[in-house]
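In: test case, fold it:
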Amino acid sequence: MRQKGDILLVSCYELGHQPLGLAMPLGFFEAAGFRPDVLDVSREALDPTRLARARMAAICTPMHTALRLGVQVAARLRQVNPAAHLCFHGLYAALNADHLLREAADSILAGECEESLVDLARALERGEDLSSVAGLRLPGGAPSPILRRLSFVTPRREGLRPLSEYAALEEDGRTRLAGYVEASRGCLHLCRHCPIPPVYGGRFFVVPKDRVLEDIGRQAEMGATHITFGDPDFLNGPGHSLPIVREMHLRFPALTFDCTAKIEHLRRHYVLLPELKELGCLFVVSAVESLNDTVLGILEKGHRRQDVEAVLSDFQSAGLALRPTLLPFTPWSSLDDFQDLLDFVEDRDLVGCVDPVQFSVRLLVPPGSRLLDDPALARRLGDLVPASFSHSWVHEDERMERLHRLVSAQVEHSAHLEENPEQTFVRIREIHSRVRGGSRDEARTAPPPILPKRTPRLTESWFC
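Out: Got it, this is the predicted structure:
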């Protein structure tokens, strides 16, 4: 007889929101008659008793931070329950499969893998050959992300930590409970620094409209008054995503939302911005990354600086806020680029729209990255560092390395003090000026004006 907790689903970190990496597989398992236990180690301590009773543990690793925490969970699990089957699943599990299968995992799943997670549990329960599980990578096997559409179920959120323990929407000095859904998974695009293309290869899969709306409704019942659409790109399929938010607005007219979309798509679909605003969109996150067209070209972002400027004008006309994410530190970026970025953010009144952590983001080059094929990067790239699950690299200009260290330390210190982003921005400017060793920045050392109305934001910063 199946016992509660025979299967343990683990989430380590999902950008501060209640983890869909638990809710979605939980729905699949319960539909199949299993009774998994769920553990979000970003919000609760590891309980040795729960680890000890698991016959199978599935650790969700959709991002780099989650993977680094996940291997710590795996090590603890091995100590208290060495017989348990340990499966890592998600984007970063796929990228780091070789290392994980040597050091931490019994198997790896990636792509559209929830049905295979259930099949793995069945095979273990029956003592069957695991090689029959679709897409399952075992030691010595080849990677095979699952790229077929699932028969989706509605995510199950009963048993998860309450929404009040996760990132909230901050607006006009007040906070509101925020929920999280995905209307699609994967991405059409092949940005070279992104972890999605090596796994999905330019494909994306929609989640049925009714399933998404049912999940939204359940989170609204839990108290959510704002919904984050966490799709890698909400406008990959506007014919799918727009009907969802239209219906959401009809059913729950008080709900607001945010989403993520490429600059390229926002430029192409600018006519949709007023409708998004009318339907309750408060802001859109977009990976601007850089204002240097050469860097954008290397990353194959699909946009140029002039596109960013055009999109900002379109957003201003529509009365919508754009919250850019940035990648200031790459092997091809310069001190001048950083100066240009700071000037642009200030001149376009974006200081309140850019979380300070964005000024410290450094290029991550994991195994499988499309950047590894770039000859221009080869001479700057170091070895794969197993502990960090990425290749090391050092900028040719030592000042850029120093700038990164100082900005990162300042951002962390300012966050600890809960300093307002305008003041942190001024401090970052001062750091840049010192590292540069010149006076070009002196005219801009006065604090930018405090915005009378802070741009709506989530209380946990988004970055990849």
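In: any regions of this protein where pLDDT drops low?
Out: 1, 438-453, 462-464 (pLDDT under 70).
In: so what does the longest helix belonging to it touch, helix or strand wise?
Out: Counting residues, the longest helix in the chain under DSSP state H turns out to be helix 398-417. Helix 398-417 sits against helix 335-347, helix 421-436, with contacts defined as 3 or more Cβ pairs under 8 Å, 6 or more residues apart in numbering; DSSP states H and E. Where you see a C-beta, it was placed from the backbone N, CA and C, and this is true even at glycine.
In: could the C-alpha coordinates of the following helix or strand past the shortest one be exported in PDB?
Out: Sequence-wise, the next helix or strand beyond helix 335-347 is helix 375-378, with elements assigned using DSSP states H and E. Extracted C-alpha coordinates of helix 375-378, given in PDB (Å, rounded to 0.1, in the frame of the first residue of the first chain):
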ATOM      1  CA  PRO A 375      35.600  31.000 -30.800                       C
ATOM      2  CA  ALA A 376      35.800  34.500 -29.500                       C
ATOM      3  CA  LEU A 377      34.900  33.300 -26.000                       C
ATOM      4  CA  ALA A 378      37.300  30.400 -26.100                       C
END
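In: ranges for the strands of the stretch 1-150 of the chain?
Out: Shown for the stretch 1-150 of the chain, the strands assigned by DSSP state E, counting those that start in this stretch span residues 7-11, 37-40, 56-60, 85-89, 107-109.
In: repeat that for the stretch 151-300 of the chain.
Out: Using DSSP E, counting those that start in this stretch, strands in the stretch 151-300 of the chain cover 168-171, 174-181, 184-186, 204-206, 226-229, 256-260, 281-289.
In: one step back: of the helices and strands packed on helix 398-417, flag the one that's most buried.
Out: Comparing these by mean neighbour count (mean count of other Cβ atoms under 10 Å), helix 421-436 comes out on top with a mean of 19.
In: sorry, back to before: quick one: which of the strands of the stretch 1-150 of the chain is nearest Leu160?
Out: Closest of the strands of the stretch 1-150 of the chain to Leu160 is strand 37-40, at 6.1 Å (criterion: Cβ to Cβ).
In: show me the contact partners of stretch 326-343.
Out: Contact partners of stretch 326-343, identified using Cβ atoms under 8 Å, 6 or more residues apart in numbering, comprise 193, 287-292, 294-295, 298-299, 354, 358-363, 376-377, 380, 393, 395-397, 399-400, 403-404, 425, 428-429, 432, 435-436, 440-441, 444.
In: I'd say Leu276 and Ala321 touch.
Out: No: using Cβ atoms under 8 Å, Leu276 is not in contact with Ala321, being 11.2 Å away.
In: anything in contact with each of the two?
Out: By Cβ under 8 Å, 6+ apart, the residues touching both Leu276 and Ala321 are Val284.
In: between these two, which one's more packed in?
Out: Neighbours around Leu276 and Ala321, counted as other Cβ atoms under 10 Å, are more numerous at Leu276. The numbers are 23 against 20.
In: return the distance of stretch 270-278 from the chain's centre.
Out: In terms of Cα atoms, centre = their mean, to the nearest Å, the centre of stretch 270-278 is found 24 Å from the chain centre.
In: quick one on the thing from earlier: need the strands of the stretch 1-150 of the chain in JSON lines with distance to Met222 and mean neighbour count, can you?
Out: Listed next are the strands of the stretch 1-150 of the chain as JSON lines, based on distance: least, Cβ to Cβ, whole Å; neighbours: other Cβ atoms under 10 Å:
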{"stretch": "strand 7-11", "distance to Met222": "17", "mean neighbour count": "27"}
{"stretch": "strand 37-40", "distance to Met222": "15", "mean neighbour count": "22"}
{"stretch": "strand 56-60", "distance to Met222": "21", "mean neighbour count": "27"}
{"stretch": "strand 85-89", "distance to Met222": "25", "mean neighbour count": "25"}
{"stretch": "strand 107-109", "distance to Met222": "29", "mean neighbour count": "27"}
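In: quick one, which of these is nearest to Ile263?
Out: The nearest among the strands of the stretch 1-150 of the chain, by Cβ to Cβ, is strand 56-60 at 28.8 Å.
In: partners of the closest one in the sheet?
Out: Next to strand 56-60 in the sheet, as set by DSSP bridges, lie strand 7-11 (parallel), strand 85-89 (parallel).
In: show me the chain divided up by domain.
Out: Domain segmentation of the chain under automatic domain parsing yields 7-132, 163-458.
In: in JSON lines: the ones you listed, plus distance to Ser144.
Out: Below are the domains of the chain laid out as JSON lines (distance: least, Cβ to Cβ, whole Å):
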{"stretch": "domain 7-132", "distance to Ser144": "8"}
{"stretch": "domain 163-458", "distance to Ser144": "11"}
